[in-house]
Each structure stands twice: as C-alpha cells, then as structure tokens.
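Enquirer: Need coordinates for the following:
(one chain, ligands or ions: 2)
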Amino acid sequence: MTIDIAKKALKSKFGYDRFRPMQEAIIQATFDKKDVLVLMPTGGGKSMCYQIPAICMGNTTVVISPLISLMRDQVESLKSNGISAAYMNSSQSSSEQYEVETNFSDGKYQLIYVSPEKMMQPSFIAMLRRVTIDLFAIDEAHCISSWGHDFRPEYQQLSIIKSTFPNIPVMALTATADKLTRKDIVHNLNLDDPEIFIASFDRPNIELMVRPGQKRIEQIVEFIKNRKDKAGIIYCLSRKSTEDIANKLKQFKIKAAFYHAMLSAEEKNKVQDEFLNDNIQVICATIAFGMGIDKSNVRWVIHYNLPKNLESYYQEIGRSGRDGTKAEALLFYSFQDVRIIREMLTDGEKSNEEVQLAKLEQMQHYAEATNCRRAILLNYFSEQTDHTNCGNCDVCKHPPKYFDGTVIVQKALSAIARTNQTVGLDMLIGILRGSARHDILEKGYDKIKTYGAGRDLSQAAWQNYLQQMIHIGLIEIAYDKNYALEMTEASKKILFDGQKCKLSHFEPQNLKETKPKIVAVTKSTILGDELTELLRQLRKELAQSKGIPPYIVFTDATLEDLAKKKPLTDHDLENVHGFGERKVQLYGAPILELIRSKVIENSNEGGKVRGATYVQTLDLLKKGYDVSDIAAERNLSETTIYAHIAYWIQQKEPIDYYKFISKGELERIREAFQSSDNPNEMKPLFERLNGEISYGKLRLGLILI
Ligand code: ADP
Ligand code: ZN
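Expert: Ligands and ions are numbered 1, 2, ... in the order given. Alright, predicted model coming up:
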C-alpha cells in the first residue's frame, strides 16, 4: 500500500489537498503493519491517521473510544463523507445492536467504533475472529494510565487485543503527552516495538489574550457582539457563576445557556445539543463541559476566572478552533481569583498542595507575561520552540512599551509603607485613587499623605502596574497575613535610595474582532461577507433536514473557502477545502444555486466574479430564452452564447441542448467532421457545410460529438 493511494482517498473522501505534518508518516507505518503511538494535540487531526488506512486497506478497522457522544459524532461525520461506519455501545436498543452486528459480521463496515467494555466481551472477540480486521485504533489512549487525569479501569484490560491478535497492527492515540503516560500506554497495551510520533502541541490558529478582570460582563458583551453568530464557551469557577453570567448575557439578547455538574442528564443533553446545532451561541460552563464534544466550530473560549494550572487551561482553550481556522482564547486575570484558588488549594488536607500551588504560580506567570505567551505555554509543556514572537498573542501584537515608572512605583510603595504593609491590593488601589470606601475611611487611611496621590490613573491601570511590581519583585504578597502587600529589599532602594525603575505602558485594549486587513473593499469582498452569512444559514437548514449538527455538514474552514472561491460548478466545488465526492453529491445543488444567484445579482450591480458570465447565460437558458434572445439581452454575440452553452455541457450541467441544435444539424456536423482532412479546423468545416451552420452552433456540435 502506498501513500499515493492515501492521498487520493484524502482528496476524494474528505476533500483535503494534503496531509498535515506527521499524518503521512503515521499512515505509512500502519500500511507497513507496525504498531504506533500517536501524540497530537486536540484538533491536530488524529482521527485521519486511522480513518485513511481504514478506507484504503479494504477490510474493517476497529476503533475503541470511551465516549458515546464522540463515537456518534465521528460516525455521522464519516457517513456524510460516504464512508461506511457504525458504532456499538450500551446506548443502543438490542435490535439496533443486532443490525450492526450482522452488518459487521458480513464485513460491511470500513470502520466500527466500540466502547472498551464491548471490546472485552467474549462474544465480541469471537465475532472479531470471523471478520478480517486491518487495524485496531485506540482513541484517548491516556485513559489507560493511572497517572493521567482521565483514568478508566476498563482500558487496562485492552492488552487482550495484542495477545489475541498479535499480527494485527494497533494504533494508540492521545492528546496527553507526558512521559509517564506515554510509557504506560506502550506497556499496558503490550505494543510491539511501536513507532512513536509526537506532533507539535502548538495550536497556531488560536489567538492568545489576557485582560484585566474588571467589568468582565461589559467586556464579554462587547466581545460577543463583535463576533456575530460565532459560538464560544465561557469557563467559570463556580456553578452559581455559570448561571449568573448566562442570565446576564441573556439580558443583552445573547443566546446563552449554562452547564454544570448538577444539571440532570436530560438538561445537560439538551444544552449540549442546542449548542452543537448552533441554536445556542454561548455556553457558560464549569470544567465539566467540553469533554464529550467534538464541535469543530467553537470559535472562542473565555476564561472568566483564572484556571488552576496551565494543563487545564491548555486543554480548555484547545476546544476552540478544531477545524484549524481562526479561534480566540481570552483569559481574565485578577488577583482576587488567585486568592480564591489559593484558598481552595490550601483548604483542608491536600496531599499535593505544594505541587498545586507551584502550578498556580506558573499560571500566574503566564497571565502576567511580558513576552510571547505561546512560548511560555510550549516551554511549559517541554516543547522546544523557536518562538520569540508568534505574532498571534496579545504580547506579540502589542509589545510592551517601557517608560520611566519610578514616580508611579514610589507612590505605591509609599502608600504601602504608610499603611504599615497591612493592606491588600484592592484597598491599596482605593487609597491611591482617593476612594471614599467606608473601610478606608474607618481606618483613617484618608488622612495619610498618599491618599488620592494616584487619582490620575484608572483602576485598571493601577491593577496592571501593581501586578508588574509584583512580577518584578518590588512587592510581595504575604499569603499568611491576609494577602497584605509588603515591600522587598529591591523596593526599598527605589523608595529610599532614589533608584529608578521601568514599567511597561498600560493600554486598555478593546475587544473588537481583529479581521485580516483588506487592502481595498471591493464588490467581491462584500459579496464574500454576505455569502458567508447566507451559507451559514443554508448549512443550518441542511443540518436540520438531516438531523445532524451544522459542523458535520461542512466546517467553518469550508464555509470560508466557499465564500472566497465562490464555486459555480460541481468541478469548482471539488476544489473547495473539505468537499469530497460525497458532499458534492449531497449538498452541491443547493450551495451552487445560492452562490450562482448571488453572483448574478453581483454582476448586475457591476461586480466581477470569475465565471459570472457563464452563470448569467445559464440562468437565462433555464428561464427558457433562446440563443438570439440571450445574445440581445446580454449584448453579446450568438457565437459567445453558443460557447457558454458548450461550457455548461462540458461541466455536465443538465440542460436540454437539442433546443439549440437539432438532431439533423448534429448529424450533418458529424458527417462533415468524419470526412474532413483536417477536422480540427473550423473554417474548412464551415465551408463544407456551405456556411449553413453558424460558427457558434458548429462549435457546440463539435463538443457534443
Ligand atoms: P483530533 O482527533 O486530533 O482532535 P480531528 O481528527 O477531529 O482532530 O481533526 C480536526 C479537524 O481537522 C477535522 O475537522 C478534520 O477533518 C481536519 N483535518 C484532519 N486532517 C486534515 C488535513 N490533512 N487537511 C485538512 N484538514 C484536516
Ligand atoms: Zn506570541
């Protein structure tokens, strides 16, 4: 089996032009019957690594997957690409199971998805022995490791696969990359000298942003209003806040819902389904949400609160942009959150408190970063990177501008000194800005010299500058003294010895969507924007009629490509990202109809889309006009109109061409063609027919024969 066959399948079945890094090597190893372990981030394209071999190798591939919802999603998606697939799990009725088992025994499936429990059943193993199996793929393979965060005991028995079928290759896949888990997978599955593939964990399409956690709701509303119809998830620290935030967003007419562990299974499913089907735009959720969903068009993730560690953070932002197109991750950072999490972590007896606190510090370090955030993330996951400037995080996009911040720092330090290092961040800002809060007045802080000395700066600016001071070691937080801010040796030098100090300039940034710059606004770009919206709507209608989620009909990446390329024929459609043969058949007609009608409108307004002239002629043909009418109407020659008809015939557009050329005329052209010495030249043919058949018709006739 060669990789060329795999490439053809990638194009014809999935409509993709090339493999992503590593997919090709993984597929080749499987063709060579090797065991492999695949480590790739979420959205990296793991499924393709076994789906392509499954299609090419001709028999059946068994996929072991822990989550029923993911199985269902994958099977739907495969079927929509014309690949025969099914799943077996406990959610099915016995008659459904029977049907699937029968088809499976007859070797009718290219892929069959089963739960690990099913895999262990002796009756299923017996069935496997009777069918030709090409490959076992074990998805979410980290579930086998007790080190992992997602240990499932039933996974540990999967070594039975290798002991029962030693000659069938096994592919284990996971998005969890640490070394211990990796070792466990290889060992517990009994893999035979496996080739290990570790892809980069970078997700370059996700833009990373951190904002101060003030007026979060206002910031979020602005953010969402700027991202019309784009789905996203807001992760919150508590159940109650998921409900509060969802309710607040609803007041701004945003379609939002909440999701947390205390909802009934029924409620959870309902929220999840509405989100998958693009009926709800925003989900406010605790971390419980997201595990079992594969929705590829989540366009953004907001962390309302600071996550406990970078592992969770990376996993959660990874739920956006799985289709590989632009996605955004926005984190709100406030010291208050750090405080709450610290209290949660140190509350009661926790065996690994130290480790957890260290992880929290790394999370803070990320949030306060003044260098590329992507570099920090990748370094944290021990990945060598060349990134010093990724170009897609807020730090890289707006590099810090430093200025002499000595006066600001002195004001803050002076206030800290005059309150005997007993106040926390919030109160310190209140004092500096001259707030009349009752606790400030009560303590008499309005009498100290620095009260109101920092009125010229906003709350957010102070927050930012104080954070910077913590970051560069000018202030320390006394966790054991109610989070009071204390001076350090370094800060004494600034306050008492006149040493200078730099700060990076605080610039409040708005949350407008950063669209790629368009050089000139042309009719074509306007049409593209309009088409995107109409196609999104059409996608939803098609999804509803088929009872599947919109992103399975086609992904956002495909949506963008459609609006950009504006395909007018089936052939054009095949060149759109994500359109395999099956999808052209299934959805081609309504999509082309929509694009054609918009392209005609656009032409009438003076726009210029490539191929529009053919579509205009086609439109008139379909309305019953004849060639001379169309020529007159469009102010073109009849020869040109005949050429357009010939074009549509070549595109296999179903039109009745005998309306434009009679059988008799066609016969005469054929005779002339066959008896001519140089049949490829038009003029001799034209003369041979005594000039009775026009050049246009002649060309059309030649195409037909
Ligand atoms: P994972 O299982 O690693 O989370 P998926 O297999 O779901 O990732 O792939 C994520 C998305 O990328 C899917 O929409 C998939 O169709 C797409 N994809 C996978 N491989 C390619 C490729 N070679 N070219 C284009 N898109 C791809
Ligand atoms: Zn960066």
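Enquirer: in stretch 278-288, what's buried?
Expert: By 16 or more other CB atoms under 10 Å, the buried positions in stretch 278-288 come out as 278, 280, 281, 282, 283, 284, 285, 286, 287. (C-beta placed from N, C-alpha, C; glycine too.)
Enquirer: what bridges to the fifth one?
Expert: When assigned by DSSP bridges, residue 283 has beta-bridge partners residue 233, residue 257.
Enquirer: Can you name the residues of this structure sitting close to ligand 1?
Expert: 16, 19-20, 23, 40, 42-48, 296, 322-324, 555 (CB under 6 Å from any ligand atom).
Enquirer: Leaving out sequence neighbours, find the closest residue to the closest residue to ligand 2 within the stretch 51-200 of the chain.
Expert: Relative to ligand 2, the nearest point of the stretch 51-200 of the chain is residue 200 (15.1 Å; CB to the ion). Of all residues not flanking residue 200 in the chain, residue 383 sits nearest, at 6.6 Å (CB to CB, 6 or more residues apart in numbering).
Enquirer: Against ligand 1, how distant is that neighbour?
Expert: Taking CB to the nearest ligand atom, to the nearest Å as the measure, residue 383 falls 17 Å from ligand 1.
Enquirer: How many residues are close by that residue?
Expert: The tally of other residues near residue 383 (other CB atoms under 10 Å) stands at 15.
Enquirer: Ramachandran coordinates for it?
Expert: Torsion angles at residue 383 (phi, psi; degrees, to the nearest 10) stand at phi -100, psi 130.
Enquirer: so how far is residue 216 from the nearest residue to residue 392 once chain neighbours are set aside?
Expert: Counting by CB to CB, 6+ apart, residue 207 is the residue found nearest to residue 392 once chain neighbours are left out, at 5.0 Å. In this view, residue 207 and residue 216 are 19 Å apart by CB to CB, to the nearest Å.
Enquirer: same deal with residue 146?
Expert: 38 Å.
Enquirer: quick one: which of these two has more around it?
Expert: residue 216 (19 against 14).
Enquirer: Pull the contacting residues for the residue nearest to the more buried one when sequence neighbours are not counted.
Expert: In this structure, residue 216 finds its nearest non-sequential neighbour in residue 332, 5.4 Å apart by CB to CB, 6+ apart. Taking CB atoms under 8 Å, 6 or more residues apart in numbering, we find residue 332 in contact with 210, 211, 212, 213, 216, 219, 302, 303, 304, 305, 306.
Enquirer: Check for me that the second one belongs to a helix.
Expert: Right, the one you point to is residue 211. No: counting by DSSP: H, G, I helix; E, B strand; the rest coil, residue 211 is not part of a helix but strand.
Enquirer: one step back: the residue nearest to residue 392 belongs to a strand?
Expert: Yes: assigned with three-state DSSP, residue 207 falls within a strand.
Enquirer: Run a quick neighbour tally on it.
Expert: A count of nearby residues for residue 207, using other CB under 10 Å, gives 24.
Enquirer: Now that we're looking at the closest residue in space to residue 401 that isn't next to it in sequence, what pLDDT does it have?
Expert: When the adjacent residues along the chain are set aside, residue 401 lies closest to residue 505, with 4.4 Å between them (CB to CB, 6+ apart). Listed pLDDT for residue 505 reads 89.
Enquirer: Same question for residue 336.
Expert: So, for residue 336, pLDDT stands at 85.
Enquirer: and it, what does it touch?
Expert: Contacts of residue 336 by CB under 8 Å, 6+ apart are 213, 426.
Enquirer: Quick check: residues of this structure near ligand 2?
Expert: Contacts of the chain with ligand 2, taken as CB under 5 Å from the ion, map to 372, 374, 390, 393, 396.
Enquirer: Put the buried members of those into a ChimeraX selection.
Expert: To isolate the buried ones among these in ChimeraX, judged by 16+ other CB under 10 Å, type:
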select :372,374,390,393,396
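Enquirer: Between which two of the residues of the chain next to ligand 2 is the distance greatest?
Expert: Spanning the widest gap among the residues of the chain next to ligand 2 are 374 and 396, at 7.9 Å by CB to CB.
Enquirer: For these two, list the residues in contact with both.
Expert: Shared contacts of residue 374 and residue 396 (CB under 8 Å, 6+ apart): residue 390.
Enquirer: Just the pLDDT at residue 385, thanks.
Expert: 69.
Enquirer: beta partners of residue 209?
Expert: With DSSP bridges as the rule, residue 209 is bridged to residue 330.
Enquirer: top of the contacts of residue 332 by neighbour count?
Expert: Counting neighbours by other CB under 10 Å, residue 302 leads these with 28 neighbours.
Enquirer: so what's it up against?
Expert: Residue 302 neighbours (CB under 8 Å, 6+ apart): 220, 223, 232, 233, 234, 235, 329, 330, 331, 332.
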